[in-house]
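> fold the following and give me the result.
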Amino acid sequence: MALIVQKYGGTSVGDTERMKNVARRCLAAQRAGNDVVVVVSAMSGETNRLLKLVAQITDRPDEREQDVVVATGEQVSIGLVAMAIQAQGGKATSFLGHQVRIVTDSTFSKARIKSIDAQPIRAALSKGHIVVVAGFQGVDDEGSVTTLGRGGSDTTAVAVAAALQADACEIYTDVDGVYTTDPNMVPAARKLDRITYEEMLELASVGAKVLQIRSVEFAMKYKVPLWVKSSFTSDPGTLVCEEDKSMEDVLVRGVAYDRNEAKITVCGVPDVPGIAAKIFGPLDEKHIVVDLIVQNPSRDGRTDLTFTVGKSDFVKAQEVVRQVARDIQATGIETDDNVAKVSIVGVGMRNHSGVAARMFTALSAEGINIQIISTSEIKVSCLVHSKYTELAVRALHTAFGLDQPLPPEGAATVSESAALKGEKV
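Just a heads-up that it's a prediction; the model follows:
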């Protein structure tokens, strides 16, 4: 008997008929001999509806109270899904975050999970019940309701799977797997059979919407076999797993983009030791995540420092940085929220040259100017003007041969063959 954790997103539980479909899938998995835990999100559009209610009250909500409001969406979903399972002849028990004791820190609206008490789940499973757990929510040490940020139900599912030492975690959504890029933007995008934890982590971090980044972190840390599947088809989906040798043959696994970027430049910064800490320390205190950073060469003892933040933090970040700029006697700040980040990701980059050059050449050929460049061992990201987002993604998808049918595992594409022989391409 296997223990399976299934997660269903908002579109999968978007109405009662879809909830009945989820119930059928859960019961089929149980009747196949598995223990089943199902994590569900709020119904499609429900979280946005609740946030609109908050916005009608105040444009600067207290984040603790906002979490109290938006966490209610999942309570409705778990109750209805549990009843749908019961109506089809099964046994089911639903649990909210505080009932399972999903303990988080107190960073409201984007809390991080610290621990999970798996005992209530195991007790219900021992009675033959399908356990239905509310995604997206938890409680802090003081008992306050917290939420995990957009896509947080993915993290709940993987964390529960890790706590239970589940045999698999299946993320059901409205797409049938992980694609080489957004198929709505690039019709030639191809579904991947497998992708490494590292590649999925990088893709999630640079804008891919399939999985929340913290869910991939959990899966990689605890070696949870993670499947991305559609709740509307029987397609086997994509397996997120540990890397093997054959997976290094593909230079670029996917192209991602993120329009949720805003750029801030602190001008005329005194070029002295410790100045960066004075800028980024206050941002960290406000829990503002900084992404790309670039510093210009110093001239006459001063430099310009440019970085990006998420658009949701843009206003708050500007307030912080304006005060910091005055404190350090910088000459001013400049801002721009008409930017986007485009990225290529692949474990094959580790051992082969010419990848970044090919990326820059492809963007240049389309007349796209690069504002900031950031690299990691398996990723290259470029900040460009937002109006070029789609053009950049299409150009990169073509430049790295991703428009063509994917090769079998272990086989390189024609364009990659040269690189695998050590040639620059």
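> doesn't residue 40 make contact with residue 13?
Yes: using Cβ atoms under 8 Å, residue 13 makes contact with residue 40 at a distance of 5.5 Å. The C-beta positions use only the backbone N, C-alpha and C, and glycine is treated the same way.
> who has more neighbours, those two?
residue 40 (32 against 28; other Cβ atoms under 10 Å).
> near the closest residue to the more buried one other than its chain neighbours, how many other residues are there?
Leaving aside its sequence neighbours, residue 40 sits nearest to residue 77 (Cβ to Cβ, 6 or more residues apart in numbering; 4.6 Å). Counted with other Cβ under 10 Å, the neighbours of residue 77 add up to 28.
> find the helix or strand that residue 77 is a member of.
helix 72-87 (DSSP states H and E).
> what strands line up against the next helix or strand along the chain from that helix, and which way round?
Once helix 72-87 ends, the next helix or strand along the chain (criterion: DSSP H and E) is strand 92-95. Partner strands and pairing direction for strand 92-95 (DSSP bridges) are strand 130-134 (parallel).
> what's downstream of the strand it pairs with, the next helix or strand?
Next along from strand 130-134, by DSSP H and E: strand 137-139.
> can you check which residues contact both of residue 13 and residue 40?
22, 77, 81 (Cβ atoms under 8 Å, 6 or more residues apart in numbering).
> just send the residues you listed back as CSV, with pLDDT and distance to residue 151 too.
Compiled in CSV, these are given as follows (pLDDT from 0 to 100; distance: Cβ to Cβ, whole Å):
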residue, pLDDT, distance to residue 151
22, 96, 18
77, 97, 15
81, 98, 19
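> what's the closest of those residues to residue 217?
residue 77 (24.6 Å; Cβ to Cβ).
> OK, contacts around the closest one?
13, 19, 40-43, 134.
> domain assignment for the chain?
3-174, 244-425 (automatic domain parsing).
> identify the residue spatially nearest to residue 206, adjacent ones excluded.
Using Cβ to Cβ, 6+ apart, the nearest residue to residue 206 is residue 343, at 3.9 Å.
> thought residue 204 was touching the one you found, still the case?
No: the criterion here is Cβ under 8 Å, and residue 343 misses it with residue 204 at 10.9 Å.
> so who does the nearest residue to residue 188 once chain neighbours are set aside touch?
Closest residue to residue 188 apart from its sequence neighbours, by Cβ to Cβ, 6+ apart: residue 403 at 4.2 Å. By Cβ under 8 Å, 6+ apart, the contact list for residue 403 reads 186, 188, 397.
> circling back to that earlier point, just the closest of the shared contacts of residue 13 and residue 40 to residue 336, please.
residue 77 (38.7 Å).
> mean confidence score for stretch 149-169?
For stretch 149-169, the mean pLDDT works out to 93.
> circling back: which of residue 343 and residue 204 has more neighbours?
Taking neighbours as other Cβ under 10 Å, residue 343 and residue 204 compare with residue 343 leading, 26 against 23.
> go through the helix or strand encompassing the more buried one and flag the buried ones.
Residue 343 is part of strand 332-345, with elements assigned from DSSP H and E. Buried positions in strand 332-345, judged by neighbour count with 16 or more other Cβ atoms under 10 Å: 333, 336-337, 339-345.
> got it, and stretch 121-137?
121, 124-125, 129-137.
> pull up the gap between residue 230 and residue 25, please.
According to Cβ to Cβ, to the nearest Å, residue 230 stands 11 Å off from residue 25.
> more neighbours: which of the two?
residue 25 (19 against 16).
> a helix runs through that one, doesn't it?
Yes: Residue 25 forms part of a helix when assessed by DSSP: H, G, I helix; E, B strand; the rest coil.
> and the strands in the stretch 1-150 of the chain?
3-8, 35-40, 92-95, 102-104, 113-116, 130-134, 137-139, 145-147 (DSSP state E, counting those that start in this stretch).
> if we only consider the buried residues of stretch 121-137, which is nearest to residue 215?
For the buried residues of stretch 121-137, the nearest to residue 215 is residue 135 (10.2 Å; Cβ to Cβ).
> quick check: the closest one touching residue 38?
No: using Cβ under 8 Å, residue 135 is not in contact with residue 38, being 9.7 Å away.
> mutual contacts of those two, please.
Common neighbours of residue 135 and residue 38 (criterion: Cβ under 8 Å, 6+ apart): residue 7.
> what's the end-to-end length of stretch 367-380?
19 Å (Cα to Cα, to the nearest Å).
> wait, what's in contact with the residue lying closest to residue 194 once chain neighbours are set aside?
Of all residues not flanking residue 194 in the chain, residue 239 sits nearest, at 5.0 Å (Cβ to Cβ, 6+ apart). Contact analysis of residue 239 by Cβ under 8 Å, 6+ apart lists 193-195, 225-227.
> can I assume residue 239 sits in a strand?
Yes: remark: residue 239 belongs to a strand, assigned using three-state DSSP.
> tell me the bridge partners for it.
residue 194, residue 227.
> that one and residue 229, how far apart?
For residue 239 relative to residue 229 (Cβ to Cβ), the value is 10 Å.
> repeat for residue 244
Residue 244 is 21 Å from residue 229, by Cβ to Cβ.
> which one's more surrounded, the two?
residue 229 (21 against 11).
> and that one, that one's in a strand?
Yes: counting by three-state DSSP, residue 229 is found in a strand.
> buried set for stretch 320-333?
Buried-residue list, stretch 320-333, by 16+ other Cβ under 10 Å: 320-322, 324-325, 328, 330, 333.
> so what's the residue count around the nearest residue to residue 21 once chain neighbours are set aside?
Once flanking residues are discounted, residue 21 sits nearest to residue 231: 7.0 Å by Cβ to Cβ, 6+ apart. Residues near residue 231, counting by other Cβ under 10 Å, number 22.
> list the contacts of residue 231.
Residue 231 touches 8-9, 11-12, 18, 21-22, 25, 172-174, counting by Cβ under 8 Å, 6+ apart.
> try 6 Å
8, 12, 172 (Cβ atoms under 6 Å, 6 or more residues apart in numbering).
> give the contact list for the second one.
Going back to what we said before, that points to residue 12. 18, 172, 231.
> ok, so of the residues you listed, who is nearest residue 218?
residue 172 (17.4 Å).
> about what we covered before: inside helices: which ones of the buried residues of stretch 320-333?
Among the buried residues of stretch 320-333, the residues falling in helices (DSSP state H) are 320-322, 324-325.
> dump these to JSON lines, plus pLDDT and distance to residue 162.
Formatted as JSON lines, these follow (pLDDT from 0 to 100; distance: Cβ to Cβ, whole Å):
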{"residue": "320", "pLDDT": "96", "distance to residue 162": "35"}
{"residue": "321", "pLDDT": "96", "distance to residue 162": "37"}
{"residue": "322", "pLDDT": "96", "distance to residue 162": "42"}
{"residue": "324", "pLDDT": "95", "distance to residue 162": "39"}
{"residue": "325", "pLDDT": "95", "distance to residue 162": "43"}
